[in-house]
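>>> turn this into a model:
(2 chains)
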Number of protein chains: 2
Amino acid sequence: MSPLPSRVTLVEVGPRDGLQNEKQPVAAAHKIALVHALQGAGLREIEVTSFVSPKWVPQMADNAEVMAGITRQPGVRYSVLTPNLKGWEAAVATRPDEIVVFGAASEAFSQRNINCSIAESIERFAPVVQAARAAGVKVRAAISCAVGCPYEGDIAPERVELVARLMSGIGVQHVGVADTIGVGTPRRVQAALEAALRHFPIDEVSGHFHDTYGMALANVYASLELGIHTFDTSVSGLGGCPYAKGATGNVATEDVVYLLQGLGIDTGIDLDALIDAGAAIRAVLGQPNGSRVARALLARRSAPAS
Amino acid sequence: MSPLPSRVTLVEVGPRDGLQNEKQPVAAAHKIALVHALQGAGLREIEVTSFVSPKWVPQMADNAEVMAGITRQPGVRYSVLTPNLKGWEAAVATRPDEIVVFGAASEAFSQRNINCSIAESIERFAPVVQAARAAGVKVRAAISCAVGCPYEGDIAPERVELVARLMSGIGVQHVGVADTIGVGTPRRVQAALEAALRHFPIDEVSGHFHDTYGMALANVYASLELGIHTFDTSVSGLGGCPYAKGATGNVATEDVVYLLQGLGIDTGIDLDALIDAGAAIRAVLGQPNGSRVARALLARRSAPAS
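All right, here's what the predicted structure looks like:
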């Protein structure tokens, strides 16, 4: 049995990746309260918001207000999504610790999602990366559809390797391998991660898994076996409703923390406080909790002692 | 990376373990139709019913009727639960291919669930095992609470090893390591399986995982790494409702098949036909589907082509 990492860092993407997918925009005050609850629970990396056109993503129109409203805690890294130079220019005024650019390993997905080819997307990111690094801001990139694509089907690891190489070439410092549609299984996810590892050190490759097919935790475990020790997760599975048809939710932070605790891996996160954070935002949204661990432990809390 | 088994056998427990947990008994005709749909989808081992007192488990009062109503398919093994000699005597008339006895690795759970100590339960099983083997019927045993117990908390692998040794001693031929309350994580599940492997060959040790905390597929994957190639699963997650508080469902057969297919492991099961079988019984029950894979693929079936 290969030894697993002794410590894992979770990047909480609920406030951005999660709430961006809500039909109704959520009030800035609720977003700020969520970030505060998350950092209170021990999260040290939080993807807060996105600097994209409010025409396309009205859910994130309050980006500057949210960034300004957060009481920052030392040791916590606050990141924001910046798809282009215009986004970067708006973002920099809000003092993010890190920016994120979103690429894809699928040509068809790149065209449909960001309206350009993979090569064009890299060209578009290059000046953003340059500007951020000149300002001393870390740059992370996501490689969407790194295992499968809704339009192209299976994605070969060579495609991930190519995008990772291009991202590295323009100065990106960290790359996230994202199974955007949740179709990945352990060995295919490992192959995609290994492709990224050819261009980035193990500290700078993370896994981003969706639980659409229930595979996310098996994929996290398989990633740990490679030594991967950074994962994107979303509190209470924000970004997908477990009751919706074919919901495409991010893996729930609570579920990953439970898995890691069971494996004896340190996360620095207080699971009970995290469950409270997830329950609070789901109450605001009027939605059931997407985390199985939260559902089981909340039921146990309210059950009579046996 | 350790090589995984090339072929896996799934033991479908939905008709028994699943439907036994429904508040309202399900009509025998629906149970028979479910067994037919499951064997049609390629399942080769099916736990059909239970020969227990209808006073305690009215859901299985139609055991003989169900067994008689099945059109048996060559190559399929039909098993039934027989907790004691009385159960065995009623069961044998229905010609099961295999019987199952249920023990536990937790003393408190044994007392509460079957009203006797672990040692007493083994004594009670001994004549049942003897009678079944004399009749040429295979005997499988389940070791409940092999990782955690609702009353005792964590269960040490040594407890599993002890029960496996006792089971082997009375002539049990196969042992299932069951994480009855779903609290297990991969390394702890591997330790429980390794304990059972001290007394049974790899072909005769299976994993039985619940998805209460969403850990079941990670645990299946970790079991495969040990070479375990038999798992109990329940179509559409029968035996737990995904919408109920703290639902304690068996892992869904569909989800395990999807995982195995993704790993390139042969199961002999037609996933589409399996999804139909699960959708049909959930329609009878008027319940949402507990399989994430079924929900995702059923949504894809009904989605307009993109």
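>>> mind listing what the closest residue to chain B within the stretch 51-200 of chain A touches?
Nearest to chain B in the stretch 51-200 of chain A, going by CB to the nearest CB, is residue A:185, at a distance of 2.7 Å. Bear in mind the C-beta positions are built from the backbone N, C-alpha and C, glycine included. Contact analysis of residue A:185 by CB atoms under 8 Å, 6 or more residues apart in numbering or on different chains lists A:215, A:218, A:219, B:258, B:259, B:261, B:262, B:263.
>>> so residue A:47 touches residue A:81, yeah?
Yes: Residue A:47 lies in contact with residue A:81 (CB atoms under 8 Å); the separation is 7.2 Å.
>>> which neighbours do those two have in common?
A:16, A:100.
>>> helices of chain A, residue ranges please.
Assigned by DSSP state H, chain A shows helices spanning A:28-40, A:63-69, A:85-92, A:107-114, A:118-134, A:157-169, A:186-197, A:216-226, A:253-262, A:271-285, A:292-302.
>>> with mean neighbour count added, can I get those in TSV?
What follows is the helices of chain A, written out as TSV (neighbours: other CB atoms under 10 Å in any protein chain shown):
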stretch	mean neighbour count
helix A:28-40	20
helix A:63-69	19
helix A:85-92	18
helix A:107-114	18
helix A:118-134	18
helix A:157-169	20
helix A:186-197	22
helix A:216-226	26
helix A:253-262	26
helix A:271-285	20
helix A:292-302	20
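>>> switch these over to TSV; also include distance to residue B:275 and mean pLDDT.
Below are the helices of chain A laid out as TSV (distance: least, CB to CB, whole Å; pLDDT from 0 to 100):
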stretch	distance to residue B:275	mean pLDDT
helix A:28-40	36	98
helix A:63-69	41	98
helix A:85-92	42	97
helix A:107-114	26	90
helix A:118-134	34	97
helix A:157-169	29	98
helix A:186-197	21	98
helix A:216-226	20	98
helix A:253-262	24	98
helix A:271-285	29	97
helix A:292-302	21	91
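>>> which among the ones you listed is found nearest to residue B:165?
The closest of those to residue B:165 is helix A:253-262. By CB to CB, the value is 26.1 Å.
>>> please save the CA atoms from that closest one in PDB.
Listed next in PDB are the C-alpha coordinates belonging to helix A:253-262 (Å, rounded to 0.1, in the frame of the first residue of the first chain):
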ATOM      1  CA  THR A 253     -16.100  19.700   1.400                       C
ATOM      2  CA  GLU A 254     -17.700  17.800   4.400                       C
ATOM      3  CA  ASP A 255     -17.500  14.500   2.500                       C
ATOM      4  CA  VAL A 256     -13.800  15.000   1.600                       C
ATOM      5  CA  VAL A 257     -12.900  16.100   5.200                       C
ATOM      6  CA  TYR A 258     -14.600  12.900   6.500                       C
ATOM      7  CA  LEU A 259     -12.700  10.700   4.100                       C
ATOM      8  CA  LEU A 260      -9.400  12.400   5.000                       C
ATOM      9  CA  GLN A 261     -10.000  12.200   8.700                       C
ATOM     10  CA  GLY A 262     -10.800   8.500   8.400                       C
END
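>>> helices or strands up against it?
Helices and strands touching helix A:253-262, as assessed by 3 or more CB pairs under 8 Å, 6 or more residues apart in numbering or on different chains; DSSP states H and E, comprise strand A:9-12, helix A:216-226, strand A:230-233, helix A:271-285, helix A:292-302, helix B:186-197.
>>> mind putting those in JSON lines, distance to residue A:3 included?
Shown next, in JSON lines, are those (distance: least, CB to CB, whole Å):
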{"stretch": "strand A:9-12", "distance to residue A:3": "18"}
{"stretch": "helix A:216-226", "distance to residue A:3": "9"}
{"stretch": "strand A:230-233", "distance to residue A:3": "17"}
{"stretch": "helix A:271-285", "distance to residue A:3": "24"}
{"stretch": "helix A:292-302", "distance to residue A:3": "25"}
{"stretch": "helix B:186-197", "distance to residue A:3": "11"}
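>>> residue B:57 is nearest to which of these?
Nearest of those (CB to CB): helix A:292-302, 23.8 Å.
>>> put the alpha carbons of the closest one into PDB.
Extracted in PDB, the C-alpha atoms of helix A:292-302 (Å, rounded to 0.1, in the frame of the first residue of the first chain):
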ATOM      1  CA  ARG A 292     -24.000  13.000   2.500                       C
ATOM      2  CA  VAL A 293     -21.700  13.400   5.600                       C
ATOM      3  CA  ALA A 294     -23.600  16.500   6.600                       C
ATOM      4  CA  ARG A 295     -27.000  14.800   6.200                       C
ATOM      5  CA  ALA A 296     -25.900  11.800   8.200                       C
ATOM      6  CA  LEU A 297     -24.300  13.800  11.000                       C
ATOM      7  CA  LEU A 298     -27.100  16.400  11.200                       C
ATOM      8  CA  ALA A 299     -29.500  13.500  11.500                       C
ATOM      9  CA  ARG A 300     -27.400  12.100  14.300                       C
ATOM     10  CA  ARG A 301     -27.300  15.400  16.100                       C
ATOM     11  CA  SER A 302     -31.100  15.600  16.100                       C
END
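>>> which residues does the nearest residue to the residue of the stretch 51-200 of chain A closest to chain B once chain neighbours are set aside contact?
Excluding the flanking residues, the one nearest residue A:185 by CB to CB, 6 or more residues apart in numbering or on different chains is residue B:262, at 2.7 Å. Going by CB under 8 Å, 6+ apart, residue B:262 touches A:183, A:184, A:185, A:186, A:187, A:188, A:215.
>>> tell me the spacing between the last one and chain B.
Between residue A:215 and chain B the computed distance is 6 Å (CB to the nearest CB, to the nearest Å).
>>> contacts only, for that residue.
A:182, A:183, A:184, A:185, A:186, A:209, B:217, B:258, B:259, B:262.
>>> didn't the second one look like it was pressed against residue A:148?
Yes: with the criterion set as CB under 8 Å, residue A:183 and residue A:148 qualify as a contacting pair; they are 3.9 Å apart.
>>> turn the helices of chain A into a markdown table, columns for distance to residue B:160.
Shown next, in a markdown table, are the helices of chain A (distance: least, CB to CB, whole Å):
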| stretch | distance to residue B:160 |
| --- | --- |
| helix A:28-40 | 38 |
| helix A:63-69 | 50 |
| helix A:85-92 | 54 |
| helix A:107-114 | 46 |
| helix A:118-134 | 51 |
| helix A:157-169 | 38 |
| helix A:186-197 | 25 |
| helix A:216-226 | 21 |
| helix A:253-262 | 17 |
| helix A:271-285 | 26 |
| helix A:292-302 | 23 |
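>>> what pLDDT does residue A:248 get?
The model reports residue A:248 with a pLDDT of 62.
>>> try residue A:303
Looking at residue A:303, its pLDDT stands at 76.
>>> now do the same contact list for the nearest residue to residue A:234 once chain neighbours are set aside.
Excluding the flanking residues, the one nearest residue A:234 by CB to CB, 6+ apart is residue A:250, at 3.6 Å. Residues near residue A:250 by CB under 8 Å, 6+ apart: A:13-14, A:17-18, A:208-211, A:232-234, A:237-240.
>>> how close does the closest residue to residue A:51 other than its chain neighbours sit to residue B:121?
Using CB to CB, 6+ apart and skipping residues adjacent in sequence, the residue nearest residue A:51 is residue A:87, 3.8 Å away. Using CB to CB, to the nearest Å, residue A:87 is found at 65 Å from residue B:121.
>>> got the residues of the stretch 201-306 of chain A near chain B?
A:211-215, A:217-218, A:220-222, A:225, A:242-243, A:245-247, A:252, A:255, A:258-259, A:261-264, A:288, A:291-293, A:295-296, A:298-300, A:302-303, A:306 (CB under 8 Å from any CB of the partner chain).
>>> report the beta-bridge partners for the residue positioned nearest the centre of chain A.
Centroid-nearest residue in chain A: residue A:232, 3.8 Å away (criterion: CA atoms, centre = their mean). Beta-bridge pairing of residue A:232 under DSSP bridges involves residue A:11, residue A:208.
>>> now it: how far from chain B?
Distance of residue A:232 to chain B, given as CB to the nearest CB: 17 Å.
>>> you'd agree that residue is up against residue A:9?
No: under the criterion of CB under 8 Å, residue A:232 is not in contact with residue A:9, lying 10.2 Å apart.
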